[in-house]
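[1] This is a predicted model, with the sequence first.
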Amino acid sequence: MINSTTTPLYKYLQKQHADDMVNLGRIRVGTLWDFKNEKAHGSVIGDQMEGYRQFNLTTLDGRSQTINDTIGGMTFKNVTIGGTGHLISFGDSAEHNYYMYCASAENSDVIQKAFSANAVVEITDVPAFYDAITDRLKVLKLASGDVIVDDCVYEQKQTYGFPQKGKVNYRKPVVPVWRQKDPTYAYQKEVRGIWVPTSPRSMPVIIEVPEIRTVCRLIDL
């Protein structure tokens, strides 16, 4: 399912990896949770909040409130919070450790410098590109189902709710957690393709997809 209408897309890489992508169709397909590792990927590519967001329940008027509600997949039965600043926090994680291939909607010097890239590959036909990867992942029995391609949405991952008469009023996220990124990453204008892995222990893979060579070209810097 190609929800993003953005085309072309741009991939920021080191020159050797860009050459491999254009000439061999060789790419690295990462996983959602692997990108939580900022130590391995740095703070531009890595994000310790990747695939996760946090809900915070609090009272500001100093009066106790008993909650009977379901919020972000969490069910609260007769849970009492009270006192100004009293806080309950819980997380909402992505359902799967999705396989993921990301690119940018913009060819930008700012993005290139942030990624320390010395090469940019233009993806000229986005549906054909992601469909070819899908076919290869299925052949390798790494993923099931079709790809979902969509734009990232940049908004705060901290949501606050305030109980009233047992129910909680809060700003409900409008997108799946795998599409949500902190606003500090907004300059990247990221578009993501995700696949459901066949194994819960999915790991990043390097694969060759020769078919993508016809829709990828190296841009002169």
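    Thanks, I have the structure now.
[2] Domain parsing of this protein, as residue ranges.
    1-51+95-152+189-221, 52-93+157-175 (automatic domain parsing).
[3] Quote the end-to-end distance of the shortest one.
    Put plainly, it is domain 52-93+157-175. 12 Å (Cα to Cα, to the nearest Å).
[4] what comes up buried for stretch 185-198?
    Buried residues in stretch 185-198, counting neighbours by 16 or more other Cβ atoms under 10 Å, are found at 185, 188-197. C-beta: built from backbone N, CA, C; applies to glycine.
[5] Just give me the longest helix of this protein.
    Scanning the chain for the longest helix, with DSSP state H as the assignment, gives helix 126-139.
[6] export the buried residues of stretch 185-198 to CSV and tack on pLDDT and secondary structure?
    CSV is the format used below for the buried residues of stretch 185-198 (pLDDT from 0 to 100; DSSP: H, G, I helix; E, B strand; the rest coil):
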residue, pLDDT, secondary structure
185, 91, helix
188, 94, helix
189, 95, coil
190, 95, strand
191, 96, strand
192, 95, strand
193, 96, strand
194, 95, strand
195, 95, strand
196, 94, strand
197, 94, strand
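[7] can I get the CA coordinates of the longest helix of the chain in PDB?
    Written as PDB, here are the backbone C-alpha positions of helix 126-139 (Å, rounded to 0.1, in the frame of the first residue of the first chain):
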ATOM      1  CA  VAL A 126       8.600   4.800  -5.700                       C
ATOM      2  CA  PRO A 127       6.000   2.100  -6.200                       C
ATOM      3  CA  ALA A 128       8.200   0.000  -8.400                       C
ATOM      4  CA  PHE A 129      11.100   0.400  -6.000                       C
ATOM      5  CA  TYR A 130       9.200  -0.700  -2.900                       C
ATOM      6  CA  ASP A 131       7.300  -3.500  -4.800                       C
ATOM      7  CA  ALA A 132      10.700  -5.000  -6.000                       C
ATOM      8  CA  ILE A 133      12.000  -5.000  -2.400                       C
ATOM      9  CA  THR A 134       8.700  -6.600  -1.200                       C
ATOM     10  CA  ASP A 135       9.100  -9.400  -3.800                       C
ATOM     11  CA  ARG A 136      12.700 -10.100  -2.700                       C
ATOM     12  CA  LEU A 137      11.900 -10.100   1.000                       C
ATOM     13  CA  LYS A 138       9.100 -12.600   0.300                       C
ATOM     14  CA  VAL A 139      11.400 -14.900  -1.700                       C
END
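[8] I'd like the average pLDDT over the helix or strand just after it.
    With elements assigned by DSSP states H and E, the helix or strand that comes after helix 126-139 is strand 143-151. If you average the pLDDT over strand 143-151, you get 94.
[9] So residue 159, which state does it fall into?
    Following DSSP: H, G, I helix; E, B strand; the rest coil, the label given to residue 159 is strand.
[10] Residue 6 too?
    Assigned state for residue 6: coil (three-state reduction, three-state DSSP).
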